[in-house]
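In: The sequence and its predicted three-dimensional model are supplied below.
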Amino acid sequence: MAIEFKIANRWVGENHPPLVLAEIGINHEGSYEKAIQMVDDAYKAGCECVKFQSHVIEDEMIPNNVIPGNATESIWDIMKRCALDEDQEIKIKTYVESKGMIYLCTPFSRAAADRLHKMNVDAYKIGSGECNNYPLIAHIASFGKPVILSTGMNNLDSIQPGVEILEKAGVPYALTHCTSMYPTPYDKVRLGALKSMAQKFPNALLGLSDHSLGNYTCFAAVALGARILEKHFTSDKTWPGPDVPISINPAELKELIEGSMAIFQALPGSKDILPEEQPTIDFAYACVVSIKDIAAGEELTRANIWVKRPGTGEIKAVYFESLLGKKTNKAIAKNAQLKWDDFN
């Protein structure tokens, strides 16, 4: 049975088009106006879903000087600057949904999860850093909403307990493969992990949370079964921000949405001849034809018959060898398509 579930009114699943998440994240750098601009630009690109991050700093971390690999200042300072307050998050959610889009948000703490629960979000995205934060996963799962769990910096063994928590809670869930490098070199993306995850977690819908440059790996992931695609998004690549250099812009987002849909539509089917190919068959196939005048009773040989276009004759080229040595029962003019009743 195909895996599928609803986020808001959107079905996601193996037999449904890929859902593209435009992760605005903290690319707004704490600016509500920038956040709204990115929502508008994602909407214009045809995006169904935008995702933010909810940071309640004091509940998320203790003061520290740890500098992320894609930044020049501490994670504490980054989040202090970029965190939106509850009123801003509520306003953004209201605005997103007024445009008919899905609002998703990643909580990085219990307080942030509680905030989103109070906001009645349709689903929760759990980031890679929390993939083995089993207490937080259990807390989020208790809300009973669908969960998208990103799996960067984790292996199958460390993903397993989180999956067990989600399944015990009975919530629909997806696992997104991820490599937590910014940007991710193509040889570190490891799309083969999708197969490993499908075998290990057969009840999980699969996706790709991608940090490589461009859309190539997302396109490939669709062919490998991914039905949720997440990319960092910005309206302007000249804006400051640690995630902006790995983000796609509106034109690239539009390309990702259209391209992933095209690949999804191209996947089904088997190697059969389509009725729609008949007009091409009519001119492209070869049929058995006379290449000189043939008298009644004459033997068919390579000297008097061959195969030529168009494909509108009775006897297609595949039967050529079987006709050699047969004798005609009537005269056949040069350049005639042979018919089955031309010989005994």
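Out: That came in fine, so what should we check first? Residues are numbered from 1 along each chain as shown.
In: hey, let's count contacts and neighbours off CA atoms from now on
Out: Will do.
In: mind listing what I7 touches?
Out: Contact analysis of I7 by CA atoms under 8 Å, 6 or more residues apart in numbering lists I102, D122, A123, P146.
In: what about it, distance to E23?
Out: 16 Å (CA to CA, to the nearest Å).
In: Kindly report the same for I281.
Out: 47 Å.
In: What does S290 show for phi and psi?
Out: Here is the backbone geometry of S290 (degrees, to the nearest 10): phi -80, psi 140.
In: give me the number of residues near the nearest residue to it once chain neighbours are set aside?
Out: Closest residue to S290 apart from its sequence neighbours, by CA to CA, 6 or more residues apart in numbering: I305 at 4.4 Å. By other CA atoms under 10 Å, the residues close to I305 number 23.
In: out of the contacts of I7, who's nearest S109?
Out: A123 (15.7 Å; CA to CA).
In: list the contacts for that closest one?
Out: By CA under 8 Å, 6+ apart, A123 lies in contact with I7, A8, L104, K145, P146, V147, I148.
In: Check I75 too.
Out: I75 is in contact with N64, N65, V66, I67, P68, counting by CA under 8 Å, 6+ apart.
In: mind listing the strands for the stretch 151-300 of the chain?
Out: Assigned by DSSP state E, counting those that start in this stretch, the stretch 151-300 of the chain shows strands spanning 173-178, 205-210, 228-232, 287-290.
In: quick one, the first one and strand 228-232 angle?
Out: An angle of 50 degrees separates the directions of strand 173-178 and strand 228-232 when computed by axes from the mean of the first three to the mean of the last three CA atoms, to 10 degrees.
In: Distance from the chain centre to strand 173-178, please.
Out: The chain centre lies 12 Å from the centre of strand 173-178; the measure is CA atoms, centre = their mean, to the nearest Å.
In: T234 against P245, yeah?
Out: No - T234 is not in contact with P245 according to CA atoms under 8 Å; the separation is 9.3 Å.
In: Compare I281 and E23 (neighbour count), which wins?
Out: E23 (26 against 16).
In: tell me the angle the lengthiest helix in the chain makes with strand 228-232.
Out: Using DSSP state H to define each element, the chain has its longest helix at helix 250-266. Using the same axes, to 10 degrees, the direction of helix 250-266 lies 170 degrees away from that of strand 228-232.
In: Could you list every helix and strand that helix 250-266 packs against?
Out: strand 19-25, helix 32-44, helix 216-223 (3 or more CA pairs under 8 Å, 6 or more residues apart in numbering; DSSP states H and E).
In: Compile those into a markdown table and extend it with columns for distance to I90.
Out: Listed next are the helices and strands packed on helix 250-266 as a markdown table, based on distance: least, CA to CA, whole Å:
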| stretch | distance to I90 |
| --- | --- |
| strand 19-25 | 15 |
| helix 32-44 | 11 |
| helix 216-223 | 30 |
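In: Could I get the phi/psi values of F5?
Out: With angles defined as degrees, to the nearest 10, F5 sits at phi -160, psi 170.
In: nope, K6 is what I was after
Out: With angles defined as degrees, to the nearest 10, K6 sits at phi -100, psi 140.
In: where does the residue nearest to the spatial centre of the chain land on pLDDT?
Out: By CA atoms, centre = their mean, the chain has its centre lying nearest to V222, at 4.0 Å. pLDDT recorded at V222 is 98.
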